[in-house]
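Q: could you work out the structure for the sequence below:
(one chain, ligands or ions: 1)
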Amino acid sequence: MFKNCIVRRPCKAMVEGITSAPELGQPDYELALKQHDNYIEALKQCGVEVTVLEALEDFPDSCFVEDPAVITSKCAIIANPGADSRNGEKAEILPAIKKFFSDDKIEYIQDPGTLDGGDVMMVGDHFYVGRSARTNEEGIRQFIAILEKHGLTGSEVPLEKVLHLKTGVNYIENNNMLVSGEFIEKPEFSKYNKLIIPDDEAYAANCIWMNGTVIVPEGYPTVEKVVKDAGYKVLLVDTSEYRKLDGGLSCLSLRF
Ligand code: CIR
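A: Sure, this is the predicted structure:
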């Protein structure tokens with residue numbers, strides 16, 4: 001069960017955030033703020049305490065707090081974000097992590113290793129790590145060594161198309177895994193009960209399990225039905241403005 005979440009308010013500069021889909025247009029900042037309010041409300045409804053960090057105008061993508069840190073049941077790992085414009089976010093997230101973890105429980109991914117938290121998917125005590133344009137071999141090596149030091153395990157998943165591992169695959173507990181695109185046939189995930197997401201709703205493979213409820217992005221009826229049919233209570237949150245920056249529900253929080 002999760003007790004805490006950390007989120008960061010989007011900054012006005014978010015409209016200049018990194019995107020692979022400029023054709024979707026720039027985010028509407030006011031709408032993004034409203035959607036962020038609703039996101040926080042949905043997290044609270046799932047019984048967690050939400051720490052809201054202030055916006056950081058120097059880092060357009062800083063609302064995506066999942067990327068500069070990974071939090072496990074045993075330790076917190078400060079990542080080393082692979083995009084230059086985002087790398088400084090690791091220093092900005094540290095004070096928030098220190099409120100919850102003592103120094104001996106905080107680890108660091110260091111150069112030349114890079115790692116974005118969006119490439120890390122937790123399944124119990126095991127962590128799948130996507131090797132992507134943001135997360136390199138050395139980052140994964142360091143990450144797995146840290147996990148093992150704390151009694152956890154990890155394994156690499158090569159990515160072919162998507163930005164981050166959790167862009168296309170997300171574990172929602174009870175052996176259920178939402179899978180889209182390149183992840184549908186990956187042998188690494190054959191032991192799970194795969195809930196297959198059609199290509200036209202692939203964005204919504206990025207749902208989050210929150211203490212028995214699954215938060216699903218609004219506007220993806222097939223995914224909503226698949227998750228409900230699997231027996232979960234569903235909360236819908238519109239993330240249209242974050243989608244314009246390749247961001248989804250998981251990217252917007254650290255959950256622990
Ligand atoms: C980026 O490209 O880094 C941001 N525009 C989106 C980050 C999304 N984060 C995630 O998937 N964990």
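Q: distance check, whichever residue of the stretch 101-250 of the chain sits closest to the ligand against Val214.
A: Distance from the ligand to each residue of the stretch 101-250 of the chain (CB to the nearest ligand atom) is smallest for Gly118, at 2.4 Å. (Glycine included, C-beta is placed from N, CA and C.) Look at Gly118 and Val214: by CB to CB, to the nearest Å, they are 18 Å apart.
Q: now swap in Phe2 and tell me
A: 13 Å.
Q: just the helices in the protein please.
A: 29-45, 84-87, 89-98, 137-149, 165-168, 221-229, 240-243 (DSSP state H).
Q: now do the buried residues in the first one.
A: Neighbour-count burial for helix 29-45, with 16 or more other CB atoms under 10 Å as criterion, is recorded at 32-33, 35-36, 38-40, 42-43.
Q: what does stretch 105-117 contact?
A: 66-70, 74-83, 86, 94, 97-98, 129, 132, 134-136, 138-143, 146, 149, 164, 254 (CB atoms under 8 Å, 6 or more residues apart in numbering).
Q: neighbour-wise, which of Phe2 and Val214 wins?
A: Using other CB atoms under 10 Å, the more surrounded residue of Phe2 and Val214 is Val214, with 25 against 18.
Q: quick one: residues contacting the residue nearest to the more buried one when sequence neighbours are not counted.
A: Excluding the flanking residues, the one nearest Val214 by CB to CB, 6 or more residues apart in numbering is Tyr232, at 4.4 Å. Listed by CB under 8 Å, 6+ apart, the contact set of Tyr232 reads 172, 209, 212-214.
Q: report pLDDT for Tyr232.
A: Looking at Tyr232, its pLDDT is 98.
Q: any idea how far Glu30 is from it?
A: From Tyr232 to Glu30 the distance is 31 Å (CB to CB).
Q: how about the residues of this structure by the ligand?
A: Residues of the chain lying close to the ligand (CB under 6 Å from any ligand atom) are 17-19, 61, 64, 66-67, 83, 86, 118, 163-164, 166-167, 245-247, 251.
Q: now the buried members of these.
A: Among those, those that count as buried by neighbour count (16+ other CB under 10 Å) are 17, 19, 61, 64, 66-67, 86, 118, 163-164, 166-167, 245-247, 251.
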